[in-house]
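Engineer: Need the 3D shape of this:
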Amino acid sequence: METEPELFDMVIPPGVPRTVIVDVINNFEVTLVSHTENFNFANMDNDKRQILAFRGKKEVIDEVFDYVRQKLEEFISS
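Structural biologist: Residues are numbered from 1 along each chain as shown. Got it, this is the predicted structure:
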């Protein structure tokens, strides 16, 4: 019996351009997932926020992390 590979999530930081998110979905073997999380910092007491994440195998998520970081650095410097 074959077991499913372990999947990992990479939370997408707020402010990542939609074009980068679409590029990742189209070019990497990941799925886009959402979670509702409680936030308890600054002036947010149990504020519920919807967060997005990429889900995939560890080696793919590592590549996605590097890709998103590179694209954000390019975006910020432009």
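
Engineer: Give me the neighbour count for the residue nearest to D23 when sequence neighbours are not counted.
Structural biologist: Counting by C-beta to C-beta, 6 or more residues apart in numbering, D23 lies nearest to K71, which is 7.4 Å off, once chain neighbours are set aside. C-beta: built from backbone N, CA, C; applies to glycine. Using other C-beta atoms under 10 Å, K71 is surrounded by 17 other residues.

Engineer: Doesn't K71 lie inside a helix?
Structural biologist: Yes: counting by DSSP: H, G, I helix; E, B strand; the rest coil, K71 is found in a helix.

Engineer: what pLDDT does it get?
Structural biologist: Predicted confidence (pLDDT) for K71: 95.

Engineer: now it: how far from V30?
Structural biologist: Per C-beta to C-beta, to the nearest Å, K71 is found 15 Å from V30.

Engineer: same thing with A53?
Structural biologist: From A53 to V30 the distance is 9 Å (C-beta to C-beta).

Engineer: now swap in N40 and tell me
Structural biologist: When distance is defined by C-beta to C-beta, N40 is 29 Å away from V30.

Engineer: Looking at these two, which is more packed in?
Structural biologist: V30 (21 against 9).

Engineer: list the contacts for the closest residue to V24 other than its chain neighbours?
Structural biologist: In space, and not counting its chain neighbours, V24 is closest to V64: 5.6 Å by C-beta to C-beta, 6+ apart. Counting by C-beta atoms under 8 Å, 6 or more residues apart in numbering, V64 touches 10, 24, 28, 30, 54, 56.
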